[in-house]
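Engineer: Next come a sequence and a model predicted from it.
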Amino acid sequence: MTALTPRVERYARLQWLIRLRWLALAGVSLGAGLAAAGLVPGVNIEVVAAAVAVGVLTNLFFAWRGRQRGETDDRHVGQAVLDTGALTLVIWAAGGADCPFLVFYVFPVLLAALLGGRAALWPTGAACAVGIAFQFAAVRADWLRVGTWDPIAPYDRALAIGALALTVGMAAYFATRLSDALRRQMTARQAADAMLRLAFDGLDAGVEVIEGDTITLQNHRAARLFGGRIGERWRCPGRRDGRCVSGGACEGGMPERCQFTRADDGGRGPEQIYEMLALALPEPRRMMALYVERTAEVLGQRRLMLTERLASLGRAVQGVAHELNTPLATIQTLGRDVLDAIGVGPVPAEVRADIDESARMIVDEVQRCRRITHALLGRASQLDPLPAAGEAPVGAAIERAIAVVFTHARERVQVDLGGVAGAPLPLDPLVQIFVNLLQNAGDADPGGPITVTGYRGQALRIEVRDRGPGLDPEAARHLFEPFFTTKPPGRGTGLGLYTSYALARNLGGELSLTDHPEGGALATLTLPLPPAG
Ligand code: ADP
């Protein structure tokens with residue numbers, strides 16, 4: 001609370017304290033005047049004058065410092081102890097414990113409690129206790145005595161009654177001030193709470209403040225979304241309806257970001273998509289959860305993705321048409337040539353050689369067309385659900401792929417699959433992926449070594465590494481795009497990575513191709529662990 005007290009308020013408090021001290025000094029000076037006039041002859045005027053001088057000087061100093069800095073020691077411990085000292089001097093001069101103004105020791109304690117709270121109360125209380133003990137000692141030990149309390153009648157009674165009345169009056173004044181301050185604080189707090197609530201409720205987002213795992217603040221929107229109440233346990237929205245689709249798991253406490261769906265009006269209206277953002281607050285164990293509606297953005301993103309997919313499908317179709325067009329045109333021309341040659345009658349020996357050549361080229365071009373259609377069929381097959389049967393250990397799939405690609409040079413491939421080798425996965429797609437990856441590795445570094453390494457952790461990871469030149473910068477930008485190839489015509493179709501990526505995704509995994517830090521390229525296939533048993 002103290003830390004939040006504004007400077008202005010602290011300065012006003014200091015001013016009040018200074019005014020109070022001037023008043024007290026005036027009272028003591030008046031008393032000293034009465035004593036000097038002979039009403040209380042035993043009072044030691046010199047000591048009282050010294051106390052007044054100390055009071056005046058310190059008050060001037062506090063006033064000056066307050067003006068300079070606009071504030072002072074927030075707990076006022078210094079002033080309280082100093083005032084206790086000055087009071088001790090005055091009472092001592094007026095006869096120690098015999099003086100009825102001994103009850104004035106209550107004022108420094110009350111002031112300390114009022115201005116500095118508990119922290120100031122103890123040192124001031126201790127100073128007062130020492131002062132009172134000193135006053136009692138002063139009436140007992142003659143050598144400690146500097147003055148006596150012996151007012152002439154009837155001032156003895158009048159001063160005793162005055163001391164009591166002043167004490168009661170001042171105590172009442174302090175109590176009123178204290179209760180006024182409390183009331184002011186409460187009103188200010190209520191106003192701040194109301195403003196905060198108004199601001200929170202006006203937000204176009206749900207807001208909850210969570211301390212530990214309990215909701216300590218909630219706006220209308222959040223209450224409407226979840227139905228939870230302040231004081232109840234906070235529950236992750238994803239866990240609540242089981243659809244926290246991304247951005248960290250609910251199980252780990254509070255996910256940083258998480259998307260979930262919810263009907264804003266408690267289940268009657270259509271479902272909307274929300275995003276939860278968790279923000280850590282400065283206080284320990286305090287978090288703020290913001291629930292922002294993202295329906296329009298998310299649907300927009302999905303539409304964009306669909307459009308992009310359609311565009312890429314269009315590009316793929318164009319590419320296929322283009323790829324097939326060239327060999328088909330060649331076949332047509334060659335076929336016509338053959339027909340022409342046969343149509344003119346018996347075929348002379350030199351024309352026969354041309355016909356043979358044309359027929360061979362027709363076969364080659366048809367082969368090329370088939371390569372393209374095969375690659376496409378491979379892609380098409382992964383659109384269908386994967387067959388449950390046909391599973392084989394990963395090791396067997398890789399062996400098969402090596403046999404297909406490097407029939408007579410299998411030793412080029414070093415395989416170290418570790419715990420991955422025995423994992424059963426669908427054979428066909430896996431063989432196709434590795435045929436493509438090994439083919440690329442072989443093309444990148446003809447005759448060079450290739451390593452296939454397996455790692456088993458929370459998922460299966462298989463890496464294919466070659467020692468070739470690595471990725472061409474242009475290729476790095478277009479990897480996985482259909483028909484993108486840097487290989488010469490007839491050697492590459494640009495469908496290998498595209499197909500492999502689609503197959504990997506269909507198996508629930510991921511495929512990436514990067515430059516290896518030590519040279520060459522590194523293809524990484526990540527697949528989920530097959531279910532146990
Ligand atoms: P293709 O092999 O028919 O060209 P891919 O889709 O398999 O089609 O590969 C696309 C392109 O990616 C290749 O043309 C090549 O530029 C690049 N690429 C693939 N693998 C590697 C590799 N291991 N090293 C270097 N570049 C590669």
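Structural biologist: Here it is on my side, so go on.
Engineer: For the rest of this, base every contact and every neighbour count on C-alpha atoms.
Structural biologist: Will do.
Engineer: For the stretch 301-450 of the chain, which residues are neighbours of the ligand?
Structural biologist: Contact residues, the stretch 301-450 of the chain versus the ligand (C-alpha under 6 Å from any ligand atom): 436, 440-441, 444.
Engineer: Show only the entries of those residues found in helices.
Structural biologist: 436, 440-441, 444 (DSSP state H).
Engineer: among those residues, who's most crowded?
Structural biologist: Among those, the one with the most neighbours (other C-alpha atoms under 10 Å) is residue 441, at 26 neighbours.
Engineer: Could I get the full set of strands for this protein?
Structural biologist: With DSSP state E as the criterion, the chain has strands at 206-211, 214-218, 257-262, 272-280, 286-293, 391-393, 413-416, 424-426, 450-456, 459-466, 510-515, 521-528.
Engineer: and the nearest residue to residue 178 once chain neighbours are set aside, what pLDDT?
Structural biologist: For residue 178, ignoring the flanking residues on the chain, the nearest one in space by C-alpha to C-alpha, 6 or more residues apart in numbering is residue 114 at 6.6 Å. In this model, residue 114 is scored at 82, pLDDT.
Engineer: Can you pull out the low-pLDDT segments for the stretch 51-200 of the chain?
Structural biologist: 70-75 (pLDDT under 70).
Engineer: Tell me which residue in it sits closest to the ligand.
Structural biologist: The ligand sits closest to residue 200 of the stretch 51-200 of the chain, with a gap of 53.1 Å, by C-alpha to the nearest ligand atom.
Engineer: got the contact list for that residue?
Structural biologist: By C-alpha atoms under 8 Å, 6 or more residues apart in numbering, residue 200 lies in contact with 207, 219.
Engineer: same thing but 10 Å
Structural biologist: Under the criterion of C-alpha atoms under 10 Å, 6 or more residues apart in numbering, the neighbours of residue 200 are 194, 206-208, 217-221.
Engineer: Farthest pair within those?
Structural biologist: Comparing all pairs in the contacts of residue 200 by C-alpha to C-alpha, the longest separation belongs to 194 and 206, at 17.3 Å.
Engineer: now stretch 99-108: how far from the chain's centre is it?
Structural biologist: The chain centre lies 57 Å from the centre of stretch 99-108; the measure is C-alpha atoms, centre = their mean, to the nearest Å.
Engineer: same thing with stretch 525-533?
Structural biologist: Worked out by C-alpha atoms, centre = their mean, stretch 525-533 lies 32 Å from the chain centre.
Engineer: Next, the buried residues of it.
Structural biologist: For stretch 525-533, the neighbour count (16 or more other C-alpha atoms under 10 Å) marks 525-529 as buried.
Engineer: from those, which single one is nearest the ligand?
Structural biologist: For these, the nearest to the ligand is residue 525 (13.2 Å; C-alpha to the nearest ligand atom).
Engineer: hmm, back to that, reformat the ones in helices among the residues of the stretch 301-450 of the chain next to the ligand as CSV; add distance to residue 45 and pLDDT.
Structural biologist: As requested, these are arranged in CSV below (distance: C-alpha to C-alpha, whole Å; pLDDT from 0 to 100):
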residue, distance to residue 45, pLDDT
436, 110, 91
440, 109, 95
441, 108, 96
444, 108, 95
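Engineer: what ranges do the helices span in the stretch 151-300 of the chain?
Structural biologist: Here the stretch 151-300 of the chain has its helices, by DSSP state H, counting those that start in this stretch, at 155-202, 220-226, 237-241, 295-343.
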